[in-house]
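> Show me the folded form of this:
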Amino acid sequence: MERQLVYLRDVGFETGRPDHPQGRPGAGAGESPAREESAALVASAQQSGVKLGAIDLIKLIWKTWDPLSAFDRSSQAVARGNLKVFAEIGGEFARFYADCLQDIAFSPEKIERFCDGLRPGDPPDGQRLLRQAFQRYYQALFEPQAKARVELLLLANLEIGLHEQTRLQPEINEALDVPIIDPKELARRLNRELHPGRGWLNDVVWYITTWLGRSTPLDAAIDSFVAAARRQAQSILTETLMTIELPPHNVLRLGEDLSAGFPAVLQQIENTELRALLAQIDPTPDSTRETGVNYWGDLPDRLHFIADMFRCYETTQELFEAPFTAEQTAELKEGRLPTGRL
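Residues are numbered from 1 along each chain as shown. Coordinates of the predicted model:
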């Protein structure tokens, strides 16, 4: 949450103070794109007759936005997306484990029966990519060549990732769009301050003016500020809420380029279908350049990051470690939040 509060400062929520810092230490030009818009909003409101100083106007914006609750709602959208994925893919992996994982010989009939339980068609409604992925997992069980086996597993993992990320697009966009000031609500509240003597009639006049489609310089300043605040809020959410932690204590920030390299077995790709899929979703072939994502709601950029992340960590043995201790697992099964590092 501290990072989000720094964001509120940097977008200009202290504009007008003579001692206002020009950004956090080390911040470069352009890191606070809403600063200019916030200053213009304050100036426009005062020019329109709002009898509030800059600091009081900032407090009004804060109250209208309620940014802390907005970031909580963003987290809730992420949680719903995770549940959506686990409910579908978790169940299919459990079914694959029970039906196919113990086979001692490749059985085309067995994997065909398993895949018959998956819907045809593309995501978000179809499960074609899941069908392909589980066929590759099954094939990998009986592949004697190590490199071919690893490439099959990477291909399957990417197909699973492409399926789930397509289905998650609504929840991801909701998570990123939640912490935004409603420009109409902000305009209505500022209008109250502009004409405090009207009481409830103030809202009636405002609604009629809005219905007639009349726009003022203050409306334009509000729209400009909200658009800039939206861009930076989405960037902050990508940086702070959208992280992946891999063992041992390796935190990947989705807004930054991946620093890990590809393992030797995957530096050159031989599998034709894997090469074709990477050509579709990885615009920087055989490199982790430009994998950092400024806006996690951009599906192609997100897939670029995921493709290279899977390729970097495909053979990492630590990923097979249990995510929780035995004590933590027992607490989770009893419906309690475990103590210690999660």
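> Just the helices from the chain, written as ranges.
Remark: helices assigned in the chain by DSSP state H are 2-8, 35-47, 54-65, 67-85, 91-99, 108-115, 128-141, 146-177, 183-194, 200-211, 217-240, 272-281, 299-313, 326-333.
> For these, which has the smallest mean pLDDT value?
Averaging pLDDT over each of those singles out helix 2-8 as the lowest, with a mean of 36.
> what sits against the nearest residue to Glu331 once chain neighbours are set aside?
Of all residues not flanking Glu331 in the chain, Pro338 sits nearest, at 4.3 Å (Cβ to Cβ, 6 or more residues apart in numbering). (C-beta placed from N, C-alpha, C; glycine too.) Pro338 is in contact with Phe324, Thr325, Glu327, Gln328, Thr329, Glu331, Leu332, counting by Cβ atoms under 8 Å, 6 or more residues apart in numbering.
> Can you get me the start-to-end distance on stretch 304-321?
This stretch, stretch 304-321, spans 26 Å end to end (Cα to Cα, to the nearest Å).
> Give me the contact list for that stretch.
Contacts of stretch 304-321 with the rest of the structure, by Cβ under 8 Å, 6+ apart, involve 150, 153-154, 157-158, 161, 165, 244, 246-248, 252, 254, 258, 260-263, 265-266, 278, 281-284, 288, 290-293.
> Could you tell me which of these count as buried?
150, 153-154, 157-158, 161, 165, 252, 254, 258, 262, 266, 278, 281-283, 288, 291-293 (16 or more other Cβ atoms under 10 Å).
> Do I have it right that Glu164 meets Ile89?
Yes - contact status for Glu164 versus Ile89: in contact at 6.2 Å, counting by Cβ atoms under 8 Å.
> Settle it for me: which of the two has more neighbours?
Glu164 (21 against 17; other Cβ atoms under 10 Å).
> ok, the closest residue to the more buried one other than its chain neighbours to Phe93 distance?
Nearest residue to Glu164, sequence neighbours excluded (Cβ to Cβ, 6+ apart): Val85, at 4.9 Å. With distances taken as Cβ to Cβ, to the nearest Å, Val85 is found 11 Å from Phe93.
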